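Visitor: I need the structure of the sequence given here:
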Amino acid sequence: MKLIGISGSLVGTKTAKAVYEVLAAAKSSDPSIETELIDLKEYEVEFVRGTPLSYYNNDTIKVVEAVLSADFLVIGSPIYQASIPGALKNLFDHLPVDAFKGKVTGVVMTGGTEKHFLVAEHQLKPILSYLKGLIPTTNVFVHNDDFNEDNEMDSKEVSARIKNLANEMVALQKGYARN
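Guide: I've put the predicted structure just below:
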């Protein structure tokens, strides 16, 4: 099974680190899982123009094809203005409507205020559902204060939630794959 993690931020490292932690926890749960982190800040994903994928640059094609090749995914998003960043939404706009059909799509969000912990429920999960993703009951919100001064995750509570998310994702995807 191939698990792709997407960091939907174009700045900073916290979201990518949170996604990486989910990938590592999933790999710890089942060492046979192949993992890959797609950090959108490392790619030049072009804005959607309504043309076929082959008309876009190599980075856009590479990222979209990697996402589509995944057996399951974890989507990481910072919270900007009580929503997901445009770069992440733009990636979703490149995908076909059934891109996540049969794929567990976990969610990890990073933000500077607890007031935005429901952004996953109101902004991201409807998009994942529209793309036919199988959404776990668990998701993870990581507050900026959960990182230490070296920008490393420093919360046992968050680490436990990440492990729970990874375990649920692996179990759900294995269960779905058996059917």
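Visitor: pLDDT-wise, which helix or strand of the chain ranks last?
Guide: Lowest on mean pLDDT, DSSP states H and E among the helices and strands of the chain sits helix 119, with a mean of 83.
Visitor: Which secondary structure elements does that one sit against?
Guide: Using 3 or more CB pairs under 8 Å, 6 or more residues apart in numbering; DSSP states H and E as the contact criterion, no secondary-structure element is in contact with helix 119. Glycine gets a C-beta too; all of them are placed from N, C-alpha and C.
Visitor: Could you check how far that helix is from the centre of its chain?
Guide: What separates the centre of helix 119 from the centre of its chain is 14 Å, taken as CA atoms, centre = their mean, to the nearest Å.
Visitor: By residue count, what's the longest helix in this protein?
Guide: As far as residue count goes, and with DSSP state H defining each element, the longest helix of the chain is helix 156-178.
Visitor: Rounded mean pLDDT for it, please.
Guide: Looking at helix 156-178 alone, the average pLDDT works out to 94.
Visitor: Please spell out which residues along that helix are buried.
Guide: Neighbour-count burial for helix 156-178 flags 158, 161, 162, 163, 165, 166, 167, 168, 169, 170, 172, 173 (criterion: 16 or more other CB atoms under 10 Å).
Visitor: what about the second one, distance to residue 140?
Guide: In this case it means residue 161. The span separating residue 161 from residue 140 equals 5 Å under the rule CB to CB, to the nearest Å.
Visitor: Next secondary structure after the least confident helix or strand of the chain?
Guide: Proceeding N to C from helix 119, the next assigned helix or strand is helix 125-130, under DSSP states H and E.
Visitor: helices or strands up against that following helix?
Guide: Short answer (3+ CB pairs under 8 Å, 6+ apart): helix 125-130 packs on strand 105-111.
Visitor: Okay then, goodbye and thanks.
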